[in-house]
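>>> fold the following and give me the result.
(chains A and B)
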Amino acid sequence: MNTPANLKYAKSDEWFDPATGKIGITDYAQNQLSDIVFIEIFVEEGDAVEAGKAIASVESVKASSEIYSPAGGKVAVVNKDLINKPESINSDAFGEAWMIQLEGGSAGDVMDAVAYEKHCEERAH
Amino acid sequence: MTYIPTSPKERDMMLATIGVKSLDDLFDAIPAKHRFPKLDLPKALTEMEAMQELSDIAQANENVRGDLISFLGAGMYNHYIPSVIDHMLRRGEFYTAYTPYQPEISQGTLQAIFEYQSLMSALTGMDVSNASHYDGATATAEAVNLAYAQFRGKRRKVLMSPSLHPQYREVVRTYTQGMELESAGDDESGIGLSPEAFANQVDENTCLVIVQYPDFFGRIYDYTKLIDAVHAKGALVCVVANPTALAMFKTPGSMGADIVVGDGQPLGIPMWYGGPSVGFFTTRKNFVHKMAGRLVGETVDNRGQRAYVLTLTAREQHIKRERATSNICTNQGLLALATAIYLSVLGKHGLGQVAKLCYQKAHYAARELNKVKGYKVSSETFFHEFVLECPAPAAEVNAHLLEHGILGGYDLGQDYPTLANHLLIAVTEMNSKEDIDTLVEVLSEVDHD
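Have a look, this model is predicted:
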């Protein structure tokens, strides 16, 4: 399991990059969902989002999941390329597959990489 | 699974086990007045006697396969049904139509649904079709669900044309109760308006505009301009289409429709007593994740052979729960198969011929009826159904026709008070020239009465 140390993590498996304001879902989450075939992003550029609010929905071949924002702030950019390449969430969850980028984003209820890894391990048992 | 009822002896054993004397004592907690009354059934009959009695009852029916000449349509149409359809439908492999969750044992059913979807997409000019809904009215209501979900509830108004089938409008309203959705646009005064004028009612809160093709009165319009105007205001358009007409006229897909739905009954399904039927639902590829219902896709198995599976199931309610577009995933498997067989037996050419026969016979009927004193055909561009203004209330005209073995048209006054003396007359390939001439003759008599 890949868990970059520079990111912050929500219990509901989203990541937030305090340096860039980007948000996505974790490697653990994509692995649980299996092959992702569809993503719909609910927010638009300029919208204000609150931490904990649903910002997107992903569908895999077997499951569907809502994505909650791990941070609050103003949506600066929506990754429109992701709509046509939802499979990149499986291949590059922390890179190419970021979903939105916040401007002046402040993290909500998040943890660091070590705590998140522990959170994932606990659920595995 | 075999159904084995309990014997009186077994029932007594069970009652004894739980310490209750009789069945009546078991239901003691239910007040006597709410209990099911004693059944007072007549003496049991032998199979021969039962058959005789049932056939006597059935003979009281008058049907359109011999007893009556029918000019009744308004959503259900009397078309010829090739006998091969029943032969195929009654095959054991198809007769038990249950959702084919296990592709390894359901290739036949899955392929049949896939063929159905391909045929419906081709007929409507759309990208994708689901595996069907209950009927045309519920398919229309599912179009509302799609549009509502597409705008994530931010647009909460549905505009329905007043020339959309009155019962479809009622079903849409019933279906969308509790969604805090406003349905508007179907004021009777608008039945004479052009489709373009209808677009003026679209506002920022409108998610969907629903029109019918041909409309409830049988009229044919090119909705291209309407659709462009609605799109310019950001809303979607659903066209409710008659599938027979699509073999002859421009497809709603080519007009730019976002959703095309309708009732599949004209494609090889008897009128029965008004149902069951099948609803088709087609849309554009970019709306597929918001579409309700089952969807079958073609793929390859682990040996590289062509295979069929249910696909994009994560959008459905058994996975997406309350976030799904709809809580309906049932399809009319057997009747969807009937339409697929009908379309493959007739082919593009055959269906086109059926449509042309309907069109020509309906126009012959309209021309002849227009010549009868006191009657006036008020439709101009129509397919196989038209409005006939009568010199007497429509119900009286129909009663007179029935005395002469003719099932008349649909009494439009039931839904449109301003059309109290108007009949909606449907003509199909099943009506011979003699049938039409008889109708004209009998109606001429009404005027003399």
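>>> quick one: low-confidence ranges for the chain?
Answering for chain A, as no chain was given. Applying pLDDT under 70 to chain A flags residues A:125.
>>> think we crossed wires, I meant chain B
For chain B, the stretches flagged by pLDDT under 70 are B:1, B:97-99, B:446-449.
>>> make it 50
Counting by pLDDT under 50, chain B has low-confidence residues at B:448-449.
>>> number of residues surrounding the residue in chain A that chain B sits nearest to?
Chain B sits closest to residue A:59 of chain A, with a gap of 3.9 Å, by CB to the nearest CB. (Glycine included, C-beta is placed from N, CA and C.) Using other CB atoms under 10 Å in any protein chain shown, residue A:59 has 23 neighbouring residues.
>>> within the helices and strands, which one has it?
Assigned by DSSP states H and E, residue A:59 belongs to strand A:54-60.
>>> CA-only coordinates of the helix or strand following that strand in CSV, if you can.
With elements assigned by DSSP H and E, the helix or strand that comes after strand A:54-60 is strand A:64-68. C-alpha atoms of strand A:64-68 as CSV (Å, rounded to 0.1, in the frame of the first residue of the first chain):
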residue,chain,number,x,y,z
SER,A,64,-20.4,2.8,-6.1
SER,A,65,-19.0,5.2,-3.6
GLU,A,66,-19.4,8.9,-2.7
ILE,A,67,-16.2,10.9,-2.3
TYR,A,68,-16.2,13.4,0.6
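>>> and strand A:64-68, what does it pack against?
Secondary-structure packing of strand A:64-68 (3 or more CB pairs under 8 Å, 6 or more residues apart in numbering or on different chains; DSSP states H and E): strand A:54-60.
>>> partner strands of the strand holding residue A:59, with direction?
Neighbouring strands of strand A:54-60 in its sheet, by DSSP bridges, are strand A:36-41 (antiparallel), strand A:64-68 (antiparallel).
>>> now do the buried residues in that strand.
A:55-60 (16 or more other CB atoms under 10 Å in any protein chain shown).
>>> with stretch A:20-32 instead?
So stretch A:20-32, judged by 16+ other CB under 10 Å, has buried residues A:21-30.
>>> for that stretch, which outside residues touch it?
If you take CB atoms under 8 Å, 6 or more residues apart in numbering or on different chains as the criterion, stretch A:20-32 is touched by A:1-3, A:9, A:13-17, A:36, A:55, A:58, A:65, A:67, A:69-71, A:73, A:76, A:89-90, A:93-94, A:97-105, A:116, A:120.
>>> can you turn the buried part of these into a PyMOL selection?
Selection of buried members from these for PyMOL, criterion 16+ other CB under 10 Å:
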select buried, chain A and resi 3+9+13+14+15+16+17+36+55+58+65+67+69+70+71+73+76+89+90+93+94+97+98+99+100+101+102+105+116+120
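>>> inside strands: which ones of the contacts of stretch A:20-32?
A:9, A:14-16, A:36, A:55, A:58, A:65, A:67, A:71, A:73, A:76, A:100-105 (DSSP state E).
>>> in the helix or strand that contains residue B:443, what counts as buried?
According to DSSP H and E, residue B:443 maps onto helix B:433-448. Neighbour counts over helix B:433-448 (16+ other CB under 10 Å) mark B:435-436, B:438-440, B:442-443, B:446 as buried.
>>> with stretch B:152-169 instead?
For stretch B:152-169, the neighbour count (16+ other CB under 10 Å) marks B:155-166, B:168-169 as buried.
>>> mind listing which of the residues you listed are in helices?
Within the buried residues of stretch B:152-169, residues falling in helices by DSSP state H are B:166, B:168-169.
>>> and which of those residues is nearest residue B:250?
Using CB to CB, residue B:168 is the member of these that lies nearest residue B:250, at 21.7 Å.
>>> leaving out the residues flanking it, which one is nearest to that closest one?
Closest residue in space to residue B:168, ignoring its immediate chain neighbours: residue B:137 at 4.5 Å, by CB to CB, 6 or more residues apart in numbering or on different chains.
>>> and that neighbour, that one's in a helix?
Yes: checked against DSSP: H, G, I helix; E, B strand; the rest coil, residue B:137 lies within a helix.
>>> pull the longest strand from chain B.
Longest strand in chain B, counting by DSSP E: strand B:206-213.
>>> paired strands for it, with orientation please.
Going by DSSP bridges, the partners of strand B:206-213 are strand B:157-160 (parallel), strand B:236-241 (parallel).
>>> can you put those in CSV and add distance to residue B:75?
Shown next, in CSV, are the strands paired with strand B:206-213 (distance: least, CB to CB, whole Å):
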stretch, distance to residue B:75
strand B:157-160, 15
strand B:236-241, 10
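>>> residues near the closest residue to chain A within the stretch 301-449 of chain B, how many?
Residue nearest to chain A within the stretch 301-449 of chain B (CB to the nearest CB): residue B:314, separated by 3.9 Å. As a burial measure, residue B:314 scores 23 neighbours (other CB under 10 Å).
>>> what does it show for phi and psi?
phi -60, psi -20 (degrees, to the nearest 10).
>>> isn't it up against residue A:59?
Yes: the pair residue B:314 and residue A:59 qualifies as a contact (CB atoms under 8 Å) at a distance of 3.9 Å.
>>> quick check: neighbours shared by these two?
Between them, residue B:314 and residue A:59 share these contacting residues under CB under 8 Å, 6+ apart: A:37-38, B:320.
>>> rewinding a little: so which elements touch the helix holding residue B:443?
strand B:69-70, helix B:333-370, helix B:394-403, strand B:406-407.
>>> TSV for those, including distance to chain A and mean neighbour count?
TSV is the format used below for the helices and strands packed on helix B:433-448 (distance: least, CB to the nearest CB, whole Å; neighbours: other CB atoms under 10 Å in any protein chain shown):
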stretch	distance to chain A	mean neighbour count
strand B:69-70	47	22
helix B:333-370	23	20
helix B:394-403	50	17
strand B:406-407	49	18
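>>> I'd like the ones you listed written out as JSON lines, with distance to residue B:207 added.
Below are the helices and strands packed on helix B:433-448 laid out as JSON lines (distance: least, CB to CB, whole Å):
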{"stretch": "strand B:69-70", "distance to residue B:207": "38"}
{"stretch": "helix B:333-370", "distance to residue B:207": "27"}
{"stretch": "helix B:394-403", "distance to residue B:207": "36"}
{"stretch": "strand B:406-407", "distance to residue B:207": "39"}
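>>> nearest to residue B:421, of these?
Closest of the helices and strands packed on helix B:433-448 to residue B:421 is helix B:394-403, at 6.0 Å (criterion: CB to CB).
>>> which residues touch the closest residue to residue A:74 other than its chain neighbours?
Of all residues not flanking residue A:74 in the chain, residue A:103 sits nearest, at 4.8 Å (CB to CB, 6+ apart). By CB under 8 Å, 6+ apart, residue A:103 lies in contact with A:21, A:73-76.
>>> ok, these vs residue B:173, which is closest?
residue A:75 (36.6 Å).
>>> against residue A:83, how distant is the closest one?
According to CB to CB, to the nearest Å, residue A:75 and residue A:83 sit 15 Å apart.
>>> and those two? Which one has more around it.
For residue A:75 versus residue A:83, the count of surrounding residues by other CB under 10 Å is larger for residue A:75: 22 against 13.
>>> right, and that one touches residue A:46 too?
Yes: shown here, residue A:75 and residue A:46 form a contact pair, counting by CB under 8 Å, at 6.4 Å.
>>> next, count neighbours for the nearest residue to residue A:94 once chain neighbours are set aside.
Leaving aside its chain neighbours, residue A:94 sits nearest to residue A:4 (5.7 Å; criterion: CB to CB, 6+ apart). When neighbours are counted by other CB under 10 Å, residue A:4 registers 13.
>>> OK, contacts around residue A:4?
Contacts of residue A:4 (CB under 8 Å, 6+ apart): A:15, A:94, A:113.
>>> residue B:78 now?
Counting by CB under 8 Å, 6+ apart, residue B:78 makes contact with B:64, B:70, B:72, B:271, B:426, B:428, B:430.
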